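Engineer: Output the structure for:
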Amino acid sequence: SSGINAEYGPLLADYCCSKYAVRGLTQAMLSEMDYIGKKNVKFTSVHPHITKTGMFNNAQAKWSLVFPLLEPDWVADQVIIGTQEEREQLILPKITNLFLMPEHFMSTKVYRKYCEVLGNSTMKTFKKIRDE
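Structural biologist: Just a heads-up that it's a prediction; the model follows:
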């Protein structure tokens with residue numbers, strides 16, 4: 001999935017929607033496995049910040065010291081560690097968790113403003129990989 005499912009932004013509605021779906025599916029499957037007593041089935045939902053894969057060409061983080069663009073190899077390593085630790089949810093970088101907590105205490109309108117301050121307008125510098 002992606003970290004963008006928690007910090008949504010303009011021009012990303014379709015992308016955010018698919019990421020929320022992954023998160024919801026994972027949580028629902030965890031609940032179902034608990035309900036039917038399957039303890040040996042594990043799920044890890046992974047939500048990295050923007051990763052330098054070329055998908056978001058030219059994207060820039062507003063607060064790059066807190067929300068750096070992530071290296072694919074580092075993300076892959078963290079996924080391996082997270083699954084080995086049987087973590088149900090992996091948000092990268094970990095510090096992002098601190099900035100996501102206020103969502104549960106704010107109205108959606110206030111949270112949108114909060115996300116703007118955090119820099120959710122990464123699409124302003126986006127360039128397509130190829131013409132359609």
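
Engineer: any idea which helix or strand of this protein has the worst average confidence?
Structural biologist: None of the helices or strands of the chain scores lower by mean pLDDT, DSSP states H and E than helix 96-100, at a mean of 83.

Engineer: in stretch 102-117, what's buried?
Structural biologist: The neighbour-count check on stretch 102-117 (16 or more other CB atoms under 10 Å) flags 111, 115 as buried. Yep, even glycine has a C-beta here, placed from its N, CA and C like the rest.

Engineer: Now that stretch: average pLDDT?
Structural biologist: Stretch 102-117 shows a mean pLDDT of 87.

Engineer: In the protein, where is pLDDT below threshold?
Structural biologist: 1-8, 122-123, 125-132 (pLDDT under 70).

Engineer: need the helices for it, in chain order.
Structural biologist: 13-35, 72-84, 96-100, 108-118 (DSSP state H).

Engineer: so of those helices, which one's packed in deepest?
Structural biologist: When those are scored by mean count of other CB atoms under 10 Å, the highest mean neighbour count falls to helix 96-100 (a mean of 15).

Engineer: Off-centre distance for that one?
Structural biologist: Relative to its parent chain, helix 96-100 has a centroid offset of 11 Å by CA atoms, centre = their mean, to the nearest Å.

Engineer: And for stretch 19-37?
Structural biologist: 17 Å.

Engineer: Buried residues in stretch 51-71, which are they?
Structural biologist: For stretch 51-71, using 16+ other CB under 10 Å, the buried residues are 51, 52, 56, 59, 61, 67, 70.
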